[in-house]
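[1] what's the 3D shape of this:
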Amino acid sequence: QVQLVESGGGLVQAGGSLRLSCVASGRTFSLSRMGWFRQAPGKEREFVAGVYWTNGNTYYTDSVKGRFTISRDNAKDTMYLQMNSLKPEDTAVYYCACSRSGTKYDDWGQGTQVTVSS
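    Here you go, the predicted model:
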């Protein structure tokens, strides 16, 4: 199992930036890929961005392309999400997750709140 701890959430005005971090511990040698998800009030959790742990390839949902950048530091077992040009509709609890199997996401963090005011 892998333990995940997010940080970096907060309150920001529209157009501002935040950087989220997710530190992994435990069986990190088994990581295949990691990702960020978010869940807004009254909505289902949705995928935001993902990164393959070995080669660093990234992928994004369309609504954040060009604004968000996912990255990872293998030496620190840490994943980041740089969020620029934030919009009120980005308001949500953001979760990091990891996949050990390469298919589904196996382990999840506790979430960090991001609130974007208009």
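[2] how much space between residue 93 and residue 102?
    Distance of residue 93 to residue 102, given as Cβ to Cβ, to the nearest Å: 26 Å. No exception for glycine: its C-beta is placed from N, CA and C like everyone else's.
[3] I meant residue 7, not that one.
    Noted for residue 7: a distance of 26 Å to residue 102, by Cβ to Cβ.
[4] Hmm, residue 77 and residue 28 touching each other?
    Yes: counting by Cβ atoms under 8 Å, residue 77 is a contact partner of residue 28 at 4.7 Å.
[5] Please say which of those two ends up with more neighbours.
    Neighbours were tallied for residue 28 and for residue 77 using other Cβ atoms under 10 Å; the higher tally belongs to residue 77 (19 against 15).
[6] In contact with the more buried one, which residues?
    23, 24, 25, 28 (Cβ atoms under 8 Å, 6 or more residues apart in numbering).
[7] Of those residues - the most surrounded one?
    residue 24 leads the contacts of residue 77 on contacts (other Cβ under 10 Å) with 22 neighbours.
[8] so that one is in which element?
    strand 18-26 (DSSP states H and E).
[9] So residue 93 and residue 102 - more neighbours on which side?
    Per other Cβ under 10 Å, whichever of residue 93 and residue 102 has more neighbours is residue 93, with 18 against 10.
[10] Cool, thanks, signing off.
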